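S.K.: Predicted model and sequence below, questions to follow.
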Amino acid sequence: MNASAIPAPILELTPRVHAAVLAGVGDRAPTTMRIPNANYTDPQIAAAELRTTFSAPLLVTPSGAVREPGSFLTLDLMGTPVIVSRGGDGRVRVLVNACRHRGATVAEGSGCTRRFTCPYHGWSYDSDGSLVGIPDRRKGFDNLDPAARGLVELPSEERNGFVWAVRDPHGVIHVHRQLGPLDAELARWDYEHHDVVATMEMKVEANWKCALEAFQETYHFPYVHAQSLVGHGTVANIVTFDQFGRHHRLGVPLKMLGAEPEPLPGENLTCIYYIHPCSVIATSPLGGELLQFYPGPSPASSTIRHTVLSRFPLADDEVAAFFKDYTPQIQAVVRDEDAVVLERSGKGIVAGYSDVVLGRNEIGCQAAHRQILADLADAHPSEKETAAQRTLTSTTSG
């Protein structure tokens with residue numbers, strides 16, 4: 001395992017992040033930002049977010065999760081069961097996991113297969129979603145055209161080492177346009193060759209934006225992560241900030257960076273990327289974490305999907321040994337520390353007595369909220385006096 005090659009974004013950020021550590025303060029927003037309680041609790045605002053924010057291309061999974069032809073995984077994409085499948089032609093597709101006969105799911109878990117077979121009546125589908133088998137077809141479905149009854153496919157694209165999709169089967173997808181200037185930045189990380197170590201999914205009783213916020217600031221580290229590897233290894237409450245269109249990057253110093261006049265050698269900081277609308281990538285010297293935050297069935301619920309990535313092949317025994325030890329630790333940080341305080345936050349917010357205030361030091365949280373609010377504002381440009389619009393325009397001051 002050779003960790004000597006430091007990615008270009010880390011090299012470029014190191015002087016700025018080190019200077020922030022020496023100064024004792026990072027980049028800050030111009031003022032505090034107030035988010036009304038309704039933005040976390042109002043079902044109408046939650047429904048509007050589904051129509052606007054979540055109509056964008058969503059990062060579904062790393063390409064490494066379905067690297068070989070025939071490999072697949074199943075997941076729930078905001079209430080829609082899907083199969084991410086790499087067909088025999090090498091192309092990745094995002095297929096609705098529902099048989100075109102009576103709707104039963106045709107796949108579970110993950111693996112590698114040439115066929116998905118419905119457990120209800122045995123209809124079978126190729127790895128590209130084509131309907132290839134109907135038992136006793138001549139007895140009951142002789143007038144049905146199999147070519148028209150393949151699994152429903154969502155528009156999808158593989159780019160920068162990730163699979164992206166839109167939720168509307170009739171929609172269009174342009175990931176390059178969605179990413180804007182972040183496209184070239186992500187390309188510098190070579191995510192195409194990252195291996196997926198493990199994925200953990202959690203249901204959390206808190207709004208999805210509450211969950212997102214926890215991974216856009218390090219202000220909470222001394223209080224939530226004081227006893228774990230994240231708190232021990234990171235300089236808290238100091239970040240640099242760079243906007244990339246609708247997305248942004250935080251530079252987070254690791255304690256290994258040091259506080260001497262010159263930074264210590266090595267890869268001594270983390271980049272945290274916010275990818276609009278609901279994904280975060282946090283890098284590390286050996287890989288990183290992908291976090292995805294999806295709304296639940298109510299405004300006060302959400303799903304967090306946490307994936308550990310390795311820059312180095314897991315076939316290497318040394319790499320595998322490292323992640324065998326590291327993965328349970330980092331999963332515990334998210335599950336037993338972050339999720340616990342998120343549910344306490346969610347419980348307090350849903351009571352309805354208090355708005356949320358974001359500090360100048362929580363610049364990443366503010367930037368993410370501004371993008372989400374812009375979606376809602378752009379969707380109804382002529383309805384300036386509606387209750388929702390009044391809510392949105394009240395978020396800019398403390």
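M.R.: Alright, I've got the coordinates.
S.K.: Tell me which stretches of this protein form helices.
M.R.: Applying DSSP state H to the chain gives helices spanning 8-23, 38-41, 43-51, 137-140, 175-179, 182-187, 208-214, 221-224, 229-233, 317-332, 339-350, 363-379, 387-392.
S.K.: Off-centre distance for the fourth one?
M.R.: Read that as helix 137-140. 45 Å (CA atoms, centre = their mean, to the nearest Å).
S.K.: Residue 229 reaches residue 334, doesn't it?
M.R.: No: counting by CB atoms under 8 Å, residue 229 does not reach residue 334; the two are 11.8 Å apart. Heads up, the C-betas are built off the backbone N, CA and C, glycines and all.
S.K.: thinking again about what came up before, most neighbours per residue, which of the helices of the chain?
M.R.: Of these, the one with the most neighbours on average (mean count of other CB atoms under 10 Å) is helix 208-214, at a mean of 25.
S.K.: Now do it: which elements does it pack against?
M.R.: On a contact count with 3 or more CB pairs under 8 Å, 6 or more residues apart in numbering; DSSP states H and E, helix 208-214 meets helix 38-41, strand 287-295, strand 302-310, helix 339-350, helix 363-379.
S.K.: Those into JSON lines, with extra columns for mean pLDDT and distance to residue 113?
M.R.: Compiled in JSON lines, the helices and strands packed on helix 208-214 are given as follows (pLDDT from 0 to 100; distance: least, CB to CB, whole Å):
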{"stretch": "helix 38-41", "mean pLDDT": "98", "distance to residue 113": "41"}
{"stretch": "strand 287-295", "mean pLDDT": "97", "distance to residue 113": "25"}
{"stretch": "strand 302-310", "mean pLDDT": "98", "distance to residue 113": "22"}
{"stretch": "helix 339-350", "mean pLDDT": "97", "distance to residue 113": "33"}
{"stretch": "helix 363-379", "mean pLDDT": "94", "distance to residue 113": "38"}
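S.K.: got the ones you listed as TSV, with distance to residue 246 columns?
M.R.: Formatted as TSV, the helices and strands packed on helix 208-214 follow (distance: least, CB to CB, whole Å):
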stretch	distance to residue 246
helix 38-41	18
strand 287-295	16
strand 302-310	21
helix 339-350	24
helix 363-379	5
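S.K.: which one of the ones you listed lies closest to residue 117?
M.R.: strand 302-310 (26.5 Å; CB to CB).
S.K.: got the angle for that closest one vs helix 317-332?
M.R.: With axes from the mean of the first three to the mean of the last three CA atoms, to 10 degrees defining the directions, strand 302-310 sits at 160 degrees from helix 317-332.
S.K.: orientation of strand 302-310 relative to strand 287-295 in degrees?
M.R.: 170 degrees.
S.K.: is it true that residue 168 touches residue 57?
M.R.: No: counting by CB under 8 Å, residue 168 does not reach residue 57; the two are 10.8 Å apart.
S.K.: Comparing the two, which residue is more hemmed in?
M.R.: residue 57 (25 against 11; other CB atoms under 10 Å).
S.K.: Now do the contacts for the more buried one.
M.R.: By CB atoms under 8 Å, 6 or more residues apart in numbering, the residues touching residue 57 are 157, 164, 165, 166, 173, 174, 175, 178.
S.K.: ditto for residue 203
M.R.: Neighbours of residue 203 in contact, by CB under 8 Å, 6+ apart: 296, 301, 302, 303.
S.K.: Equivalent analysis for residue 12, please.
M.R.: Counting by CB under 8 Å, 6+ apart, residue 12 touches no other residue.
S.K.: gap between it and residue 281?
M.R.: Distance of residue 12 to residue 281, given as CB to CB, to the nearest Å: 17 Å.
S.K.: same question, residue 359
M.R.: Distance from residue 359 to residue 281, by CB to CB: 23 Å.
S.K.: which of these two has more neighbours?
M.R.: Set residue 359 next to residue 281 and count neighbours by other CB under 10 Å: residue 281 wins out with 23 against 17.
S.K.: Identify the bridge partners of the more buried one.
M.R.: residue 273, residue 290 (DSSP bridges).
S.K.: residue contacts, it?
M.R.: 271, 272, 273, 275, 288, 289, 290, 291.
S.K.: where do the contact lists of residue 168 and residue 57 overlap?
M.R.: Common neighbours of residue 168 and residue 57 (CB under 8 Å, 6+ apart) do not exist.
S.K.: mind giving me the domain ranges of this structure?
M.R.: 8-56+177-392, 64-171 (automatic domain parsing).
S.K.: got any ranges where the chain has weak pLDDT?
M.R.: 1-4, 380-398 (pLDDT under 70).
S.K.: Now do the contacts for the nearest residue to residue 305 once chain neighbours are set aside.
M.R.: Leaving aside its chain neighbours, residue 305 sits nearest to residue 292 (4.3 Å; criterion: CB to CB, 6 or more residues apart in numbering). Contact analysis of residue 292 by CB under 8 Å, 6+ apart lists 58, 59, 278, 279, 280, 304, 305, 307.
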